[in-house]
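# Pasting the sequence and the predicted coordinates here, then a few questions.
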Amino acid sequence: MTSAAAELNLTASRRTRQTAGIPACGRQALDGGSGRCLCGAVRYAFQGAPNWQSHCHCESCRRATASPFTSFLGVSLTSFRWTGALPAKYESSPGTQRYFCAVCGTPMAYQSPERSAEIDLYAATLDDPAAYQPTQHVHWNERLPWLQIADGLPVRRTPRRMSETDDPAPVLALVREAFAYMDGVIDPPSSVHQLTAEAMARQLREGEVWTLAEAGDPVACIFLVPEAKRLYIGKLAVAEGYRGQGLCRQLIRLAEQRAAELGVDRLELQGRVELVANHAAFAAMGFKRTGERAHPGFDRPTSLTFTKILR
């Protein structure tokens with residue numbers, strides 16, 4: 001799929017104003033704080049504002065706390081200290097530490113090897129938990145189906161890389177539905193019409209397919225093809241009911257992360273000449289037009305190349 005056009009399914013929509021960091025209901029934002037366990041043996045204190053505040057819906061955190069979701073705030077280790085008895089800890093996965101009171105069992109904190117300079121505190125352990133101001137839900141795709149939340153906060157789903165044993169049918173259906181609006185608009189027709197189960201299997205062998213899901217069903221996906229000097233985006237699709245939620249940008253950020261891991265410094269994609277709204281969306285995400293080409297049998301440019309240099 002290295003030569004296939006990336007007719008990205010993007011919609012031009014007005015971006016909603018972000019409210020992260022704005023105190024809710026007039027409450028003063030957290031600027032330092034303290035907390036304790038149920039019995040009071042384990043205590044902590046930190047200085048300054050938290051780095052972030054989020055509700056987590058991942059299964060491991062649910063099981064660690066026996067709760068339907070967990071509310072965290074992340075603080076830098078340089079501004080944090082234990083002020084009472086030191087907590088016990090459990091290594092739930094290699095390098096991942098979960099801290100708790102050895103007396104009453106209260107979960108106190110979480111540390112990840114990916115963020116070794118930071119510690120995540122459980123918001124309910126704060127001495128003033130009403131001061132907590134979450135700004136988003138993370139691992140939203142893992143939330144429990146009976147949990148109904150309508151707080152208006154942004155949600156972030158965890159990307160999942162497809163394997164060769166996965167059923168390609170749901171992703172094929174997603175891409176075909178998302179690209180259907182191009183029929184009769186672009187010439188020649190979209191390469192999505194040649195996207196078969198066999199082509200998907202080849203993409204999974206030679207490249208990568210990542211998805212974002214809702215209740216187990218893919219609602220967004222990106223096809224990546226690693227090459228010597230670039231990471232090529234072959235397909236990017238978002239289901240109609242999920243557009244305008246930042247899923248496209250989340251997948252582009254994932255592509256940037258994968259490019260860094262693969263040791264290449266640029267992303268590249270193709271956009272059809274007729275889809276001018278897509279061109280503007282590419283530019284808004286940091287892509288620049290770097291070339292054009294014609295499909296076989298055409299004497300005019302039919303596809304434009306867009307490149308994003310990663311710094």
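Perfect, thanks for sending it.

# from what I can see residue 306 touches residue 268, true?
Yes. The pair residue 306 / residue 268 is scored as a contact, 7.1 Å apart, by C-beta atoms under 8 Å. C-beta: built from backbone N, CA, C; applies to glycine.

# So for those two, which residues contact both of them?
residue 290 (C-beta atoms under 8 Å, 6 or more residues apart in numbering).

# ranges for the helices of this structure?
Per DSSP state H, the chain carries helices over the ranges 59-65, 169-179, 197-206, 247-262, 276-284.

# As TSV, these with distance to residue 138, mean pLDDT and mean neighbour count would be great.
Below are the helices of the chain laid out as TSV (distance: least, C-beta to C-beta, whole Å; pLDDT from 0 to 100; neighbours: other C-beta atoms under 10 Å):
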stretch	distance to residue 138	mean pLDDT	mean neighbour count
helix 59-65	10	93	16
helix 169-179	22	95	18
helix 197-206	27	93	14
helix 247-262	11	95	17
helix 276-284	24	94	16
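
# Of those helices, which is nearest residue 240?
helix 169-179 (7.2 Å; C-beta to C-beta).

# What lies in contact with the closest one?
For helix 169-179, using C-beta under 8 Å, 6+ apart, the contacting residues are 7, 9, 162, 190, 192, 195-197, 200, 209, 211, 217-221, 235, 237-240.

# how big is the angle separating it from helix 197-206?
100 degrees (axes from the mean of the first three to the mean of the last three C-alpha atoms, to 10 degrees).

# how far does helix 169-179 sit from the chain's center?
Centre-to-centre, helix 169-179 and its host chain are 20 Å apart (C-alpha atoms, centre = their mean, to the nearest Å).

# One more: stretch 239-247?
With C-alpha atoms, centre = their mean, you get 13 Å for stretch 239-247.

# Flag every buried residue along it.
Within stretch 239-247, the residues scored as buried using 16 or more other C-beta atoms under 10 Å are 239, 242-243, 245-247.

# now the strands: where do they sit in the stretch 201-311 of the chain?
With DSSP state E, counting those that start in this stretch applied, the stretch 201-311 of the chain shows strands at 208-214, 217-226, 231-238, 266-272, 288-293, 303-309, listed in chain order.

# burial of residue 45, as a residue count?
In terms of burial, residue 45 registers 17 neighbours under the definition other C-beta atoms under 10 Å.

# Any idea what residue 80 is bridged to?
When assigned by DSSP bridges, residue 80 has beta-bridge partners residue 46.

# For it, give me its contacts.
By C-beta under 8 Å, 6+ apart, the residues touching residue 80 are 44-46, 119.

# Could you identify the most distant pair in the residues you listed?
45 and 119 (12.2 Å).

# Surely residue 129 and residue 123 touch.
Yes. With contact defined as C-beta under 8 Å, residue 129 reaches residue 123; the gap is 5.8 Å.

# From the contact counts, what lies against the helix or strand bottoming out on mean pLDDT in the chain?
Within the chain, confidence by mean pLDDT, DSSP states H and E is lowest for strand 155-156 among all helices and strands, at a mean of 86. Where contact means 3 or more C-beta pairs under 8 Å, 6 or more residues apart in numbering; DSSP states H and E, strand 155-156 is packed against strand 136-138.

# shared neighbours, residue 129 and residue 123?
When contacts are counted by C-beta under 8 Å, 6+ apart, residue 129 and residue 123 are jointly contacted by no residue.

# Comparing those two, which residue is more hemmed in?
The residue with more neighbours, out of residue 129 and residue 123, is residue 123; 23 against 13, by other C-beta under 10 Å.

# Any regions of the chain where pLDDT drops low?
Low-confidence segments of the chain (pLDDT under 70): 1-28.
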